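**Q** this one's sequence-less:
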């Protein structure tokens with residue numbers, strides 16, 4: 001497995017990881033460099049990207065990322081459609097779903113944009129979800145993070161602005177709160193207590209976001225529509241306890257009015273369909289007329305997959321199930337399907353089937369999926385759900401046949417390959433495990449999802465290739481924010497006497513890349529989840545009177 005595309009921490013990114021992992025805030029014992037007063041000179045694009053990647057790995061270590069290939073593909077496809085229509089289409093962006101029911105979204109350095117699962121579930125259509133993402137893209141393209149940092153007058157690198165709430169939790173500043181709750185809770189990932197976007201920033205992000213929406217073929221009113229909907233839905237009975245998104249992105253009547261007026265003006269000017277719009281010319285002309293009709297979400301045709309299903313609606317239910325309690329959600333779907341005729345939609349049936357499968361009721365899930373597949377036999381989402389239900393219900397042979405068919409149709413689809421590999425290697429023969437490993441190996445360099453590496457590692461292990469398995473387990477640990485574990489695993493591998501030249505070279509190369517990160521963490525006496533004693537020298541160095549990296553007398 002070649003790691004050419006894997007980027008290990010450079011020095012500034014090392015500091016980012018250190019800050020995120022420590023139990024200190026930016027002003028307690030951490031000496032940070034003075035990067036100057038110009039917002040443009042605060043951080044290079046590569047360093048910003050490294051910081052964002054470090055943040056994502058730390059979130060994964062806390063179980064706060066919904067790493068599902070189908071969801072990841074959808075949210076990135078949607079994000080990239082918007083980026084392509086933005087002011088800076090060549091800038092780096094990466095989109096992911098945070099596993100949290102708090103209604104929020106945030107932008108981080110390097111173009112990393114997260115949308116909480118709770119926000120996705122609250123949206124009513126793809127245009128509203130696109131509106132939220134377009135707004136966050138606007139914060140990035142207009143350099144609001146850099147501006148806010150410059151205005152904060154703090155002599156700390158930009159990463160200090162995205163210190164996770166887990167830092168405060170680790171230092172006892174939020175006694176009684178779990179790390180996850182503090183991390184993704186009311187204060188927001190950017191720690192709005194420390195730094196807030198101004199009203200001007202919010203309005204500017206609205207302005208460029210609305211333009212991006214229109215350019216990409218979405219309803220330009222969707223952004224204001226969602227904020228209005230969120231206020232109406234969440235303020236009922238909440239008093240002063242506002243959801244995070246309303247705290248981090250304050251919505252005032254003039255802002256909604258301004259956004260709607262801007263959308264009306266754009267719609268009136270754009271009589272022609274934007275490139276890539278799924279609307280017919282008649283639908284677009286009707287939808288873009290400067291009248292109240294445009295504000296009705298039903299005015300726009302939902303975007304469908306090639307089989308006629310609303311992909312957004314299915315993904316929304318998938319997010320709901322994967323981020324919640326499957327057993328409880330199965331009851332939710334069953335009750336509403338029985339009591340409300342309007343609830344009986346393909347998306348809700350799909351969500352019900354997923355919830356049943358994940359709560360060990362595969363046969364019932366197959367019953368729910370059968371009529372959906374009869375009407376939409378070519379839907380990849382439905383066929384994958386059927387194969388998973390078959391496997392859970394004990395119909396392994398049928399499930400493998402279905403996975404093989406899907407893989408032949410989409411040979412480099414990560415969701416298909418990962419599900420197929422798991423089915424082959426779990427409970428299968430050594431030959432099937434080898435097939436699973438061969439299926440995943442070409443996809444590893446295009447993935448930073450720990451589950452892809454873990455699945456490849458298990459398949460390799462069961463196929464008898466323990467060296468490849470060990471390398472992949474180390475990669476999975478690193479991608480999950482556990483660099484100490486990764487390094488120790490690689491060192492153990494290197495001590496084996498059955499390594500060939502190529503395996504030894506690969507492992508030595510990884511150790512050489514990872515060692516500076518671990519040395520930096522030890523040097524700064526910063527503990528991490530996988531090594532809480534990182535601040536102390538290792539026993540062999542302590543015995544020799546040497547601290548990590550420097551030979552000094554231990555005091």
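**A** That came in fine, so what should we check first? Owing to the predicted nature of the structure, the values given are computational and were not obtained by experimental measurement.
**Q** Could you pull up the mean pLDDT of the longest helix belonging to the chain?
**A** Criterion DSSP state H: the longest helix present in the chain is helix 501-523. Average pLDDT, helix 501-523: 89.
**Q** how's the chain carved up into domains?
**A** Listed domain ranges for the chain are 11-299, 325-409 (source: automatic domain parsing).
**Q** Those domains: lowest mean pLDDT?
**A** Across the domains of the chain, domain 11-299 gives the lowest mean pLDDT, at a mean of 65.
**Q** and the strand or helix carrying residue 405, what other elements does it pack with?
**A** Using DSSP states H and E, residue 405 sits in helix 396-409. For helix 396-409, the contact count by 3 or more Cβ pairs under 8 Å, 6 or more residues apart in numbering; DSSP states H and E identifies helix 380-392, helix 414-425 as packing neighbours. Bear in mind the C-beta positions are built from the backbone N, C-alpha and C, glycine included.
**Q** out of those helices, nearest to residue 499?
**A** helix 414-425 (23.5 Å; Cβ to Cβ).
**Q** Give me the average confidence score over that closest one.
**A** For helix 414-425, the mean confidence score works out to 97.
**Q** Give me the buried positions along the next helix or strand after it.
**A** Using DSSP H and E, the helix or strand that follows helix 414-425 in sequence is helix 430-440. Neighbour-count burial for helix 430-440, counted by 16 or more other Cβ atoms under 10 Å, picks out 432, 433, 434, 435, 436, 437, 439, 440.
**Q** show me what contacts the first one?
**A** If a contact means Cβ atoms under 8 Å, 6 or more residues apart in numbering, then residue 432 has 424, 425 as its contacts.
**Q** likewise residue 443?
**A** Residue 443 neighbours (Cβ under 8 Å, 6+ apart): 412, 414, 417, 452.
**Q** before we move on, the earlier item: what is the nearest of the buried residues of helix 430-440 to residue 523?
**A** Using Cβ to Cβ as the measure, the one of the buried residues of helix 430-440 that approaches residue 523 most closely is residue 440, at 36.3 Å.
**Q** excluding its backbone neighbours, what's nearest that closest one?
**A** Distances taken as Cβ to Cβ, 6 or more residues apart in numbering put residue 456 closest to residue 440, at 4.3 Å, once the chain neighbours are dropped.
**Q** can you tell me the helix or strand for that neighbour?
**A** Secondary structure from DSSP H and E places residue 456 in helix 450-462.
**Q** picking that back up, mind putting the buried residues of helix 430-440 into a markdown table with pLDDT and distance to residue 324?
**A** Converted to a markdown table, those look like this (pLDDT from 0 to 100; distance: Cβ to Cβ, whole Å):
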| residue | pLDDT | distance to residue 324 |
| --- | --- | --- |
| 432 | 97 | 32 |
| 433 | 97 | 32 |
| 434 | 97 | 36 |
| 435 | 97 | 34 |
| 436 | 97 | 29 |
| 437 | 97 | 32 |
| 439 | 97 | 30 |
| 440 | 97 | 28 |
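**Q** and of these, the nearest to residue 44?
**A** Among those, and counting by Cβ to Cβ, the member closest to residue 44 is residue 440, at 33.7 Å.
**Q** I'd like the distance between the closest one and residue 468.
**A** Distance from residue 440 to residue 468, counting by Cβ to Cβ, to the nearest Å: 11 Å.
**Q** Now the common contact residues for the two.
**A** residue 456.
**Q** my read: the residue nearest to residue 440 touches residue 442, true?
**A** No - contact criterion Cβ atoms under 8 Å: residue 456 and residue 442 do not qualify, at 10.6 Å.
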